[in-house]
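# Show me how the following folds:
(chains A and B)
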Amino acid sequence: MPATALKCRECSTEYALEARFVCEKCFGPLEVKYDYSALAGDPAGIRRRIQAGPQNIWRYHDFLPLEGGSPGPSTRGASRAGLPAGCTPLMRADRLAAELGLKEVWVKNDAANPTHSFKDRVVSVATHRARELGFDTLACASTGNLANAVAAQASAFGMRSYVFIPSDLEEQKILATGVYGTNVVAVKGNYDDVNRLCTELSGEREGWAFVNVNMRPYYAEGSKTLAYEISEQLGFRTPDRIVSPIASGSLFTKIAKGFQEWIDLGITEGTLPKMNGAQATGCSPVATAYANGHDVCRPVKPDTIAKSLAIGNPADGPYALELARRSGGGIDMVTDDEIREGISLLARTTGVFTETAGGVTTAVLKKLAERGEIDPEERVVIVITGEGLKTLDAVRDSFTTHTIEPNYDAFEAEFAVAGSR
Amino acid sequence: MSVKVKIPTQLRANSGGEGEVVVEGAVVSEVLDALFAVHEELRERICDEDGGLRRFVNVYVGGEDIRFEQGLDTPVPAGGEVQILPAVAGGR
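Take a look at the predicted model:
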């Protein structure tokens, strides 16, 4: 495989490709290092091979950290290798663009994954690597979407699983996790409390692969496939701008890493997109640091309806800040009311119903458009990471239901008044 | 006043393999100094050159991140627990 080592992002110390996530010298995060020299010089051949690959993220296995390469012949419908993720729609959103005074906006709808969020991508990669390393149990610290993905992937493989969630999580996300037959552990605390417990547990439980703790370097690589897909779906071109939510900052930075790898190898045309991050005001450690010109984030106590983004102590915050500045993008925050309006705006103009995180992303797109930061000629892609059915409370009481008697006159009376015949 | 310090697996090579160390101290900085007096190698793993916490080290007193309290001056109750953990985990 092209992956050669785990490398510390802070002090560059290298480690073998094992289940470890933190540098023993400086506690910095470890990241997968690759040697792509075998792929250099033949971008047309690589593009052909990708296009002949399966309809899931394993069409990009050349760029993922698995020893065995693509895990067997699978299609989106039939898999011999767990629950296949990816190949979600990229749809042009002309009505959304028109409403915002923009020319070209695309929606990458990652709610179209097996458990309805982008987490299926990262869990696929982490699980396959965990199996290569001999783990028999999957676990995670989650705000819900990851719990769904881990529970489902474990069931597809017949692995044991434990998912740790904050006890105040939306009921939809808890139900959509328990149904897979996992062990649901509701921790009395917020996500950062859950994360602290899992970090401690991962050091004590051998044989457990915590996808976002000890498997985190592999897990994070799965997010690169969003960039690969967007590029491929645009005809192997990079868009001018990406708007993506930020929680830990992992997704945001890995999307850029994916584009940069393909730019360096000549697989995609174009340059690194301007990277715009989106946070909720009620949990905005990265956006606040960005606004204040800081290069590290001060942890916060989350208080927002966007629970899937409610990470008060974002591990990749410093790298997200650096990326937003380097790429000419930025990081913005939006209020809970703006989030609800964002959900509604996307639904009304595109037919895509997203969860609160997608409301954050759409609301930030609107904010950027209103500020005049987006050139009308730009091709913008917004990354919609999850499904509206998981956060139904966010849209409760946001519209009127017409309740009528079951007869023609009652209907006519109701809509004659409304005047929308 | 005795305090229990919990050492993460990643640092146990520097603590003689011990996962828990009992030391004396009334605030976090005193507890850490007492810990370093026992296991000097832990100092450069946990603290930077200026004596502050490294960027990717989290310290908790009774489960609360000391960055939300008074940092290294956070009081530690007698019989309390100080936990050291890597900050780099999670992701939605």
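
# Alongside chain B, which residues does the stretch 201-350 of chain A contribute?
A:202-204, A:210, A:212-213, A:216, A:219-220, A:247-248, A:250-251, A:296, A:298-299, A:301, A:308-309, A:311, A:313, A:315-316, A:318 (C-beta under 8 Å from any C-beta of the partner chain). (Each C-beta comes from the backbone N, C-alpha and C, glycine too.)

# Now intersect the residues you listed with the strands, please.
residue A:210 (DSSP state E).

# are any of the residues of the stretch 201-350 of chain A next to chain B buried, and which?
Applying a neighbour-count criterion of 16 or more other C-beta atoms under 10 Å in any protein chain shown, the buried members of these are A:202-203, A:210, A:212-213, A:216, A:219-220, A:247-248, A:250-251, A:299, A:308-309, A:311, A:313, A:315-316, A:318.

# Sitting in helices, which of these do you find?
Those of those mapping onto helices are A:202-203, A:216, A:219-220, A:250-251, A:318, per DSSP state H.

# From the residues you listed, which shows the smallest pLDDT?
Confidence by pLDDT is poorest for residue A:203 among those, given 86.

# In space, what's closest to that residue - neighbours in sequence excluded?
The shortest distance from residue A:203 to any non-neighbouring residue, by C-beta to C-beta, 6 or more residues apart in numbering or on different chains, is to residue B:9 (3.4 Å).

# Looks like the one you found contacts residue A:205 (just checking).
No. Counting by C-beta atoms under 8 Å, residue B:9 does not reach residue A:205; the two are 10.5 Å apart.

# coming back round to it: and the residue nearest to residue A:203, how many neighbours does it have?
By the criterion of other C-beta atoms under 10 Å in any protein chain shown, residue B:9 has 17 neighbours.

# so who does it touch?
A:203-204, B:19 (C-beta atoms under 8 Å, 6 or more residues apart in numbering or on different chains).

# Going by distance to residue A:379, which of those wins?
Minimum distance to residue A:379 across the contacts of residue B:9 is 45.1 Å, recorded for residue A:203 (C-beta to C-beta).

# Next one: the closest one from residue A:147, what distance?
Distance, residue A:203 to residue A:147, using C-beta to C-beta, to the nearest Å: 21 Å.

# now do residue B:45
Counting by C-beta to C-beta, the gap from residue B:45 to residue A:147 is 32 Å.

# These two - which one has more neighbours?
residue A:147 (29 against 21).

# Specify the local secondary structure of the more buried one.
Here residue A:147 is recorded as helix under DSSP: H, G, I helix; E, B strand; the rest coil.

# and it, what does it touch?
Applying C-beta under 8 Å, 6+ apart, the residues contacting residue A:147 are A:140, A:163, A:165, A:173-174, A:177, A:182, A:184.

# Contacts for the strand or helix carrying residue A:174 next, please.
Using DSSP states H and E, the element containing residue A:174 is helix A:171-178. Contact with helix A:171-178 is made by A:115-116, A:143-145, A:147-148, A:151, A:163, A:165, A:184, A:186, A:389-392, as judged by C-beta under 8 Å, 6+ apart.

# got it, and stretch A:60-76?
With C-beta under 8 Å, 6+ apart as the test, stretch A:60-76 has contacts from A:1-3, A:17, A:32, A:34, A:36, A:39, A:46, A:49-50, A:53-59, A:80-82, A:84, A:87, A:125, A:128-129, A:132, A:217-218, A:221-222, A:224-225, A:228, A:258, A:261.

# that older thread, list buried residues within the contacts of helix A:171-178.
Among the contacts of helix A:171-178, those classed as buried by 16+ other C-beta under 10 Å are A:115-116, A:143-145, A:147-148, A:151, A:163, A:165, A:184, A:390-391.

# Among those, name the ones in helices.
Going by DSSP H, the helices hold A:145, A:147-148, A:151 from the buried ones among the contacts of helix A:171-178.

# Could you tell me which residues of chain B lie near chain A?
B:6, B:8-11, B:13, B:45, B:54-58, B:60, B:63, B:65, B:67-68, B:83, B:85-92.

# Report the buried members of the residues you listed.
Applying 16+ other C-beta under 10 Å to the residues of chain B next to chain A, the neighbour count classes B:8-11, B:45, B:54, B:56-58, B:60, B:65, B:67-68, B:83, B:85-92 as buried.
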